[in-house]
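Chemist: Sequence and computational prediction follow.
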Amino acid sequence: MALIRTLPQNNEAPGWAAILPPRTPSPSIEGEIHGDWVVLGAGFTGLAAARRLGEMRPDDRIIIVDAGEVGAGASGRNSGFAIDHAHTLGGGVAALESARGQKRLYSAAIEGMAEIVAAHEIECDWRNDGKFHGAASARGTEAYLKPLLEELDHIDEPHRWLNAREMEAELGINHYAAGIYTPGTVLVNPAALVRGLAGCLPENVTLAENSPVTTIDIAGPIKLTTLKGQVVAKRMILATNAFTPEMGFFQRKLLPFVGFASLSRVLTAGEQEALGGRASWGLTPANAFVGATIQRTGDNRILFRQTITYRDNLRHSAAELEQVRARHRQLFAARFAMLPDVTLDHTWGGYLSLSRNQDSAFGKFADNVWGAAGHQGIGVTRGTISGTLAADMAMGLDNPLLEDMMCIARPVSNPPSPLLDLGIALNTAWDAWRNRDEA
Ligand SMILES: Cc1cc2nc3c(=O)[nH]c(=O)nc-3n(C[C@H](O)[C@H](O)[C@H](O)COP(=O)(O)OP(=O)(O)OC[C@H]3O[C@@H](n4cnc5c(N)ncnc54)[C@H](O)[C@@H]3O)c2cc1C
């Protein structure tokens, strides 16, 4: 039996949810509830798994449980990029094959979500804008953009190279030395999307929110104890991403990181004119740890994501949040000098999970337990498709995408603490120094 010591603690609301109408959460678990399946975690991964089980097994009862409200976790706290290709592909033939496979996986996730969004008229600011991948320095251009360009060529991913002047014309800011545009990424308000997905689950799926699971027993039938009750099920899909090692799986293979983002108020008509460029766009930075991810939203706000830090206790303080807010304001001002009065009204942190070799934890975790976690910075699509595929695997269904998924399903192990902490600290400091011009 696993005793879960660290529960999600979503103190500050993500700006994405703060700008949405109020929503009534589904009832929490009270007393003992029985199901054929329990899905733990109601982010993109868990919702995709529950949907798939519900659709393919109409006579089964599926219970999906989350510690908080849908959209309060990382799935409602991210930058809102549903990305269709690997961020950084790495070199070699195997990496290129994996990149092709990843393109198939993430495109399937986007197609599936697009169908649901259209069928259920989910209002989530869904925009087929593609994305810019920008480098701020000559070094960033050589080290990150040029290799990516070659790899995009190899996998036949449509793309366009932009010089500094062209980047400024598209975005309105003159911060970038060069960039690559790819058309397949979709931009969204992620909290609105994940709420919408939770609102149209199949009828045989019961969603229980505000139900933190404190123990998991997988010795016989699966038993999850929550604060006020218990769920008993025959099989479980684990979809807790950064919290997965807390459940006793993939410890020292999945590494928890905290990422921070801010959201501005709506730009006035005068400010939109002063900014210029496209009416809506998304940019990912050449170096994800040093640079900033930016989204100009459909309702003319600016999303600004910067700072990702290893955080094995899955906690950040109010003081740290204040420091990050100040840093975001400073970096925002450096890029958007034409918007001196625009305030970043919301700043928040969220937990994601990375592995050293960028693989996911995916597949059968134990008898009657399957799961998907460790989606790097692309969990909107990778989480969605791996949740669907974990359900398929658990049901014994054949899905040709399983082969692609298994190619990225071997996260490597890391040394124990304090070696691990020291290694990450040194690596992070070296990366930040080398890439200081990308900030
Ligand atoms: C600032 C930031 C920016 C990001 N930007 C992007 C982006 O633009 N595009 C992208 O693709 N990805 C991005 N990511 C990553 C992305 O958010 C995650 O990969 C994705 O949300 C993972 O989805 P998931 O469903 O697997 O996990 P989560 O969304 O983390 O869901 C896991 C759920 O498990 C629940 N849970 C955990 N423990 C318990 C428990 N004991 N009891 C009950 N429930 C529990 C949690 O409450 C949570 O809701 C970003 C992340 C951050 C933090």
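Modeler: Happy to help now that I have it. Numbering: from 1, shown residues only.

Chemist: ranges for the helices of this protein?
Modeler: 15-18, 44-56, 93-119, 138-140, 146-154, 164-171, 190-198, 269-275, 318-335, 379-395, 401-406, 419-434 (DSSP state H).

Chemist: Quick check: buried residues in the shortest one?
Modeler: Going back to what we said before, that points to helix 138-140. With burial defined by 16 or more other CB atoms under 10 Å, the residues of helix 138-140 counted as buried are 139-140. Bear in mind the C-beta positions are built from the backbone N, C-alpha and C, glycine included.

Chemist: list the contacts for Leu254?
Modeler: 242, 244-245, 353-355, 361, 373-374, 411 (CB atoms under 8 Å, 6 or more residues apart in numbering).

Chemist: now Met406
Modeler: 362-363 are the contacts of Met406 under CB under 8 Å, 6+ apart.

Chemist: Then the one 4 residues further on?
Modeler: Neighbour list for Arg410: 357, 359 [criterion: CB under 8 Å, 6+ apart].

Chemist: go again using 6 Å as the cut-off
Modeler: Asp359 (CB atoms under 6 Å, 6 or more residues apart in numbering).

Chemist: can you tell me how far it sits from the ligand?
Modeler: Using CB to the nearest ligand atom, to the nearest Å, we find Arg410 at a distance of 18 Å from the ligand.

Chemist: go on, Asp125?
Modeler: 13 Å.

Chemist: neighbours of that residue, just the number please.
Modeler: 18 (other CB atoms under 10 Å).

Chemist: how far away is Ala143 from Ile294?
Modeler: 20 Å (CB to CB, to the nearest Å).

Chemist: Same check on Arg335?
Modeler: Relative to Ile294, and taking CB to CB, Arg335 is found at 8 Å.

Chemist: So for Glu150, what pLDDT did the model give?
Modeler: pLDDT, Glu150: 84.

Chemist: Please name whichever of the helices of the chain is nearest to the ligand.
Modeler: Closest approach to the ligand among these (CB to the nearest ligand atom): helix 379-395, 1.8 Å.

Chemist: picking that back up, between Ala143 and Ile294, who's got more neighbours?
Modeler: Neighbour totals were compared for Ala143 and Ile294, and Ile294 leads with 25 against 16 (other CB under 10 Å).

Chemist: which non-adjacent residue is nearest Met56?
Modeler: Met395 (5.9 Å; CB to CB, 6 or more residues apart in numbering).

Chemist: With Pro58 instead?
Modeler: Of all residues not flanking Pro58 in the chain, Asn204 sits nearest, at 6.1 Å (CB to CB, 6+ apart).

Chemist: ok, the closest residue to Ala67 other than its chain neighbours - contacts?
Modeler: Distances taken as CB to CB, 6+ apart put Pro212 closest to Ala67, at 3.9 Å, once the chain neighbours are dropped. By CB under 6 Å, 6+ apart, the contact set of Pro212 is 7, 67, 227.

Chemist: give me the number of residues near the closest residue to Ser417 other than its chain neighbours?
Modeler: In space, and not counting its chain neighbours, Ser417 is closest to Asp312: 7.6 Å by CB to CB, 6+ apart. Asp312: 16 surrounding residues under other CB under 10 Å.

Chemist: Next one: Asp312 from Ala242, what distance?
Modeler: For Asp312, the distance to Ala242 - CB to CB - is 10 Å.

Chemist: For the residue of the chain positioned farthest from its centre, give me the pLDDT.
Modeler: For the chain, the C-alpha farthest from the mean C-alpha position belongs to Gly270; by CA atoms, centre = their mean, that distance is 33.1 Å. Among the per-residue scores, Gly270 holds a pLDDT of 98.

Chemist: Then Thr88?
Modeler: 67.
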